[in-house]
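Predicted model, plus sequence, below.
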Amino acid sequence: MPVINSNHSVKQTGFTLIEMIVGIVIFGIALSLVTTLIFPQARRSVDPIMQVRATELAGTLLREISAKAFDENSRGSIRCNDDLNADGDFNDAGEIACTAASDLGPEPGESRTASQSNFDDVDDYNGLVQGAGQADPIIRNSLGEVLVVDGQTLYAGFSVSVSVVYDGNMDGVADINQTAKLITVNVNTPGGETLQFARYRSNY
């Protein structure tokens, strides 16, 4: 008959309560380091992509605007504010004044949201606002069409705003010199960053 040794104790393995508490504290510290150091880096890595897309959007819009006539009153070989007889006014045959600074913007019936956009001069774009959070939530192309790539709306989350002012001395400040117009495009990225782009269009 086998003899049972009552002095033999069973060895138990596992974590003590103190060890578990220490482990939880260390895990909490490590997690806080990850959230404060690594996660912000991941977000910053997306910013350059958004900036590139914003630059492409602004460049496209600036090229579109610059390709239009300088002014509503500039047509063909006739330039507004072209004083043909050098008499100091624009009232003679073949002469016409440029649009007043207070009237810059689209003329009645002109829109860039139409199926066929009918903006035909630079200052028609003054006050144009499109994109996320705006009355017109879609950024459109020059034909007024929604931009879609692979079933996804292009520039979703972006918004743009355009201003056009006279700035004949090209110092970045609006003035009454009507020899040039300053076109400014502000692009807001989905991350809340605002990038500003500008170009001059001379009266030629």
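Arrived safely, thanks for sending.

And the longest helix along the chain, what does it pack against?
The longest helix of the chain (DSSP state H) is helix 39-66. Under the contact criterion of 3 or more CB pairs under 8 Å, 6 or more residues apart in numbering; DSSP states H and E, helix 39-66 touches strand 159-166, strand 180-188, strand 194-202. Where you see a C-beta, it was placed from the backbone N, CA and C, and this is true even at glycine.

Excluding residues flanking it in the chain, which one is nearest the residue positioned nearest the centre of the chain?
Centroid-nearest residue in the chain, with CA atoms, centre = their mean: V187, separated by 1.7 Å. The shortest distance from V187 to any non-neighbouring residue, by CB to CB, 6 or more residues apart in numbering, is to A54 (4.2 Å).

surely that neighbour meets S159?
No - look at A54 against S159 with CB atoms under 8 Å: they stay out of range, at 10.3 Å.

Average pLDDT for the helix or strand harbouring I29, rounded please.
In this structure, I29 sits in helix 17-33 according to DSSP states H and E. Regarding helix 17-33, the rounded mean pLDDT is 86.

can you check stretch 109-128 too?
For stretch 109-128, the mean pLDDT works out to 87.

tell me how far that stretch is from the chain's mean position?
Centre-to-centre, stretch 109-128 and its host chain are 18 Å apart (CA atoms, centre = their mean, to the nearest Å).

Buried residues in that stretch, which are they?
Using 16 or more other CB atoms under 10 Å as the test for burial, stretch 109-128 gives 112, 117, 119, 121-126, 128.

Kindly report the same for stretch 197-204.
Result for stretch 197-204 [16+ other CB under 10 Å]: buried residues 197, 199, 201, 203.

quick one: T36 and A30, what's the gap?
In this view, T36 and A30 are 11 Å apart by CB to CB, to the nearest Å.

For the longest helix of the chain, which residues meet the burial criterion?
Per 16+ other CB under 10 Å, helix 39-66 contains these buried residues: 50, 53-54, 57-58, 61-62, 65.

Would you give the sheet partners of the helix or strand harbouring Q130, along with the direction of each?
Assigned by DSSP H and E, Q130 falls within strand 129-131. Taking DSSP bridges as the criterion, strand 129-131 sits next to strand 159-166 (antiparallel) in its sheet.

And for the strand it pairs with, what's in contact with it?
For strand 159-166, the surrounding residues in contact (CB atoms under 8 Å, 6 or more residues apart in numbering) are 57-58, 61, 65, 101, 104, 122-123, 125-134, 139, 174-178, 180-188.

now with 6 Å?
For strand 159-166, the surrounding residues in contact (CB atoms under 6 Å, 6 or more residues apart in numbering) are 101, 104, 122-123, 125-126, 128-134, 174, 178, 181-188.

Stretch 104-115 now?
Applying CB under 6 Å, 6+ apart, the contact partners of stretch 104-115 are 118-119, 123-124, 126-127, 136, 144, 164.

Good, wrapping up.
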